[in-house]
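Mind looking at a prediction? Sequence and model below.
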Amino acid sequence: MGLACSQIRLLTLTARKADCEYGISVNSMEKMALTREQSALSREYQSKLQSKQIAYYADGKYNKINYGYLMGYGADFTAITKGTRALKSENSMILTDYKGQVVMSKSYADAITSVLGSSAMNAKGQGGTFSTDKIPEILAQLISGFSVEDFQTVIDNNKLSSSYEADAVQTITGNSTGQTVTVENSDSATSKLESIVDFYYPIFQAAAANGWTTEYNKEMAANEDYISDAIVSGTFQLASVNEEGNYEPDTSLTYFITSRLVEPWTDSSVREEITAWYNAEKERISEKENWLDIENQDLSTELESINTEIQSIQSLIDDAISSVFDWGSG
């Protein structure tokens, strides 16, 4: 091989050597990044396993917390009067957002605005404070079959008046102006309305004192875990309403858990899902590490060959240069 060809070959090998060394360096940095990613993945996995949902215990099992359990089912008060659905054991516990606004369903907001006017709610779905004197009207709008006066009577701790006597039966069927009507006896109607007021009054009393909002309703409807996740993150909060409609101080999530009003809980199926996700991510990182190891091994083998060939060519160049000087000296 001539001197010029040897020099060209040397330059080519030197350039490829630099490429190999650069490739090994980049792959090594990528492996370090994968190590950090693996560490972050492990931390996230442990965090997910330890994170709890907020639940309530009913019918012999844990159930994801939901709006109906905390705040009722709108105008459907049968859960309250007949126990058709699970309800919280403490009526003063309600759901608010991080600003202290009571989280209202559409039916509750409609009842408020029907009494206070549409201007009571702004474009964001938020409403301000209002007088508690309006609560009987709001409840009468929300729940049919009872008048404003009926609600006011029970709120004032009085019994409903009735011209009918029904000691032995729950209802009396009579005739009035040609129409058949069924009237509940006074004690039964009062008891029913008392249970309704006991449940709903703290909700609207707190709204009157602290404001209210409907801005989270879409998220709650779209994601059954939204309320639980929001309580854990602090977007939503549980509050205990006192007799003035204000929130009791020092009632954090820990307080409600310690009081056994709600429960921290992790579904076993969720744990399996989290573990499956973790294993898949770990396998992805492992495959990439293996690929980088193989590529680095190939680059190292090639680099070793290049170094050997460079040494050989360098020796040829040195011999060629040396022979020229030797010839001149002869």
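Alright, I've got the coordinates. Because the structure is a prediction, the values reported are computed rather than measured.

so where do the strands sit in this structure?
Ranges of strands within the chain are 53-58, 61-64, 93-97, 102-103, 126-127, 171-176, 179-184, 212-213, 236-240, 263-265, based on DSSP state E.

Show me what the last one is in contact with.
It stands for strand 263-265. For strand 263-265, contacts defined as C-beta atoms under 8 Å, 6 or more residues apart in numbering pick out 52-57, 62, 257. In short, each C-beta sits where N, CA and C put it, glycine included.

Tell me the buried residues in it?
263, 265 (16 or more other C-beta atoms under 10 Å).

Give me the mean pLDDT for that strand.
Averaging pLDDT along strand 263-265 yields 85.

Looking at the strands of the chain, which is nearest to Phe146?
Comparing the strands of the chain by their distance to Phe146 (C-beta to C-beta), the top pick is strand 179-184, with 10.6 Å.

re earlier: return the closest of the contacts of strand 263-265 with respect to Ala230.
Closest approach to Ala230 among the contacts of strand 263-265 (C-beta to C-beta): Ile54, at 9.3 Å.

surely that closest one meets Ser233?
No - in this structure Ile54 lies outside contact range of Ser233 using C-beta atoms under 8 Å: 10.8 Å.

higher neighbour count, those two?
Neighbour count, other C-beta atoms under 10 Å: between Ile54 and Ser233, Ile54 has more, with 23 against 9.

And the pLDDT at the more buried one?
The model reports Ile54 with a pLDDT of 89.

which residues touch the spatially closest residue to Gln101 that is not a sequence neighbour?
Counting by C-beta to C-beta, 6 or more residues apart in numbering, Gln101 lies nearest to Thr213, which is 4.3 Å off, once chain neighbours are set aside. By C-beta under 8 Å, 6+ apart, the contact set of Thr213 is 97, 99, 101-104, 124-127.

switch to 6 Å and redo it
Counting by C-beta atoms under 6 Å, 6 or more residues apart in numbering, Thr213 touches 97, 101, 126.

List of residues touching stretch 146-158?
136-137, 139-140, 160, 193-194, 197.

Buried ones among the residues you listed?
Neighbour-count burial (16+ other C-beta under 10 Å) applied to those gives 136-137, 139-140, 160, 193-194, 197.

how about these, which pair is most distant?
Pairwise over the buried ones among the contacts of stretch 146-158, using C-beta to C-beta, the maximum falls at Glu137 and Glu194, 18.5 Å.

can you pull the contacts of Ile294?
Contacts of Ile294 were listed using C-beta under 6 Å, 6+ apart, and none were found.

which stretches of the stretch 101-250 of the chain aren't confidently modelled?
Low-confidence segments of the stretch 101-250 of the chain, defined by pLDDT under 70: 161-187.

And the helices in it, which stretches?
106-116, 135-142, 148-155, 186-210, 217-222, 226-233 (DSSP state H, counting those that start in this stretch).

Now do the third one against helix 106-116, angle only.
Between helix 148-155 and helix 106-116, the angle formed by their directions is 110 degrees, by axes from the mean of the first three to the mean of the last three C-alpha atoms, to 10 degrees.
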